[in-house]
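Colleague: Fold the following and give me the result.
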Amino acid sequence: MDSQGALPALAISAGLIVLGGCKSETPPAAGTAGVGANSETADQFVPRVSKTVKDITPEITSAAWLGATYINADS
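Modeller: As a prediction, the model looks like this:
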């Protein structure tokens with residue numbers, strides 16, 4: 001993968017990891033669009049996602065770098 005393709009792949013990977021952590025215990029009632037007492041607000045969601053992306057970025061970039069540079073029979 002070239003350097004121009006690595007950034008979009010990193011962004012997609014981080015997005016999938018972050019979104020993979022989203023889960024709903026019960027489906028929202030019709031017409032409520034997920035709003036309820038247990039719903040996470042945007043003010044709670046943004047810092048949580050920012051922290052998660054910041055925490056996983058070193059691992060993802062390291063894996064991407066290794067994948068892009070160590071292309072041989074062992075890897």
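
Colleague: burial count for residue 39?
Modeller: Residue neighbour count, defined by other C-beta atoms under 10 Å, stands at 13 for residue 39. The way it works is simple: take the backbone N, C-alpha and C, and place the C-beta from them, glycine included.

Colleague: tell me the secondary structure for it?
Modeller: coil (DSSP: H, G, I helix; E, B strand; the rest coil).

Colleague: residue contacts, it?
Modeller: Applying C-beta atoms under 8 Å, 6 or more residues apart in numbering, we find residue 39 in contact with no residue.

Colleague: mind checking how far it is from residue 49?
Modeller: In this structure, residue 39 lies at 15 Å from residue 49, with C-beta to C-beta, to the nearest Å as the measure.

Colleague: Residue 56 now?
Modeller: Applying C-beta to C-beta, the value for residue 56 to residue 49 is 11 Å.

Colleague: do residue 61 as well
Modeller: In this structure, residue 61 and residue 49 are 18 Å apart, going by C-beta to C-beta.

Colleague: tell me the pLDDT at residue 20?
Modeller: Among the per-residue scores, residue 20 holds a pLDDT of 61.

Colleague: buried set for stretch 59-71?
Modeller: Under the neighbour-count criterion of 16 or more other C-beta atoms under 10 Å, stretch 59-71 has 60, 64 buried.

Colleague: How about stretch 39-57?
Modeller: Of the residues in stretch 39-57, those buried by neighbour count under the rule 16+ other C-beta under 10 Å are residue 49.

Colleague: Just the CA trace of it, in PDB.
Modeller: Extracted in PDB, the C-alpha atoms of stretch 39-57 (Å, rounded to 0.1, in the frame of the first residue of the first chain):
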ATOM      1  CA  SER A  39     -28.800   7.400  25.500                       C
ATOM      2  CA  GLU A  40     -25.400   8.900  25.100                       C
ATOM      3  CA  THR A  41     -25.400  12.600  24.300                       C
ATOM      4  CA  ALA A  42     -23.200  14.200  21.600                       C
ATOM      5  CA  ASP A  43     -21.300  15.900  24.400                       C
ATOM      6  CA  GLN A  44     -20.500  12.500  25.900                       C
ATOM      7  CA  PHE A  45     -20.000  10.700  22.600                       C
ATOM      8  CA  VAL A  46     -17.400  13.100  21.000                       C
ATOM      9  CA  PRO A  47     -14.800  13.000  23.900                       C
ATOM     10  CA  ARG A  48     -15.200   9.200  24.200                       C
ATOM     11  CA  VAL A  49     -14.600   8.600  20.500                       C
ATOM     12  CA  SER A  50     -11.700  11.100  20.500                       C
ATOM     13  CA  LYS A  51     -10.000   9.300  23.400                       C
ATOM     14  CA  THR A  52     -10.600   5.900  21.800                       C
ATOM     15  CA  VAL A  53      -9.100   7.000  18.500                       C
ATOM     16  CA  LYS A  54      -6.200   8.600  20.300                       C
ATOM     17  CA  ASP A  55      -5.500   5.400  22.200                       C
ATOM     18  CA  ILE A  56      -5.700   3.100  19.200                       C
ATOM     19  CA  THR A  57      -3.800   5.300  16.700                       C
END
